[in-house]
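Peer 1: got a predicted structure here, sequence first:
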Amino acid sequence: MTDLSALEVPPAGTEEYFGEAFPLAQRYAEHLATTGIEWGLIGPREIDRLWTRHILNCAVVAEFVSSDDVVGDVGSGAGLPGIPIALMRPEAKVVLIEPMERRVEWLKMVVDDLGLSNVRIVRARVEDLVDEEMFSVVTARAVKAMTTLVEWTHDVIGPEGRILALKGESVEGELVKAKKLLKRYRFGQPTIHVVDGGILEVPSRVVEIAKK
């Protein structure tokens, strides 16, 4: 079993940021630090930065999600950013999309334990969900280049829906390569939001691309 004493202490302001959902966020962090590592969803070296590098890094995406949104979290893996968004936006519907059976089983275990009634888990590749699912928001973290993400998701994003992708510093280059695809599939000009939630020392980069 993983020693929880090594788990990163949440930065100052985290409890206020999550509000009533903070106890569930803590429980989620414990899952990541124990079964998440044991099942291979999180690397053991991540335990001392689970809050800053993973949970809060993803939770800030919720700033761009409305309570009436239907969010499709592509390649959800350990539920990032889907579960933090679901905690921050309990009225929104969040669908965790993950093709790997072992990860899906872990997600089911965690979602059941947290009692997240606004979360649904689908074992599939997002490109296979055309005609089955439709989202107002698609989220992704460390899932392929922007060209691939746009190609995979454009058919499951509803009118005026949008992509919210967590990306690194090289995202500008990815967006240049995706320019023709964005035009083909009737997406607007990308916006790169640099957000820290008033908590993070290293802010997150959230790329927002809306359908026309």
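Peer 2: Happy to help now that I have it. The structure displayed is predicted, hence computed values, not measured ones.
Peer 1: quick one: the strands in this protein?
Peer 2: If DSSP state E is used as the criterion, the strands of the chain fall at 70-74, 93-97, 119-122, 135-141, 157-167, 191-195, 204-210.
Peer 1: and these as a markdown table, adding mean pLDDT?
Peer 2: Formatted as a markdown table, these follow (pLDDT from 0 to 100):
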| stretch | mean pLDDT |
| --- | --- |
| strand 70-74 | 98 |
| strand 93-97 | 98 |
| strand 119-122 | 98 |
| strand 135-141 | 97 |
| strand 157-167 | 96 |
| strand 191-195 | 97 |
| strand 204-210 | 97 |
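Peer 1: closest one to Leu175 among these?
Peer 2: Smallest distance to Leu175 across the strands of the chain (C-beta to C-beta): 7.2 Å, for strand 204-210. Using the backbone N, CA and C atoms, a C-beta is placed for each residue, glycine as well.
Peer 1: ok so, going back, as TSV, the strands of the chain with distance to Pro23 and mean neighbour count would be great.
Peer 2: Below are the strands of the chain laid out as TSV (distance: least, C-beta to C-beta, whole Å; neighbours: other C-beta atoms under 10 Å):
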stretch	distance to Pro23	mean neighbour count
strand 70-74	22	26
strand 93-97	19	26
strand 119-122	17	21
strand 135-141	24	25
strand 157-167	25	20
strand 191-195	24	13
strand 204-210	23	20
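Peer 1: which one of the ones you listed lies closest to Gly13?
Peer 2: Proximity to Gly13 (C-beta to C-beta) singles out strand 191-195 among the strands of the chain, at 14.0 Å.
Peer 1: paired strands for the closest one, with orientation please.
Peer 2: With DSSP bridges as the test, strand 191-195 is paired with strand 204-210 (antiparallel).
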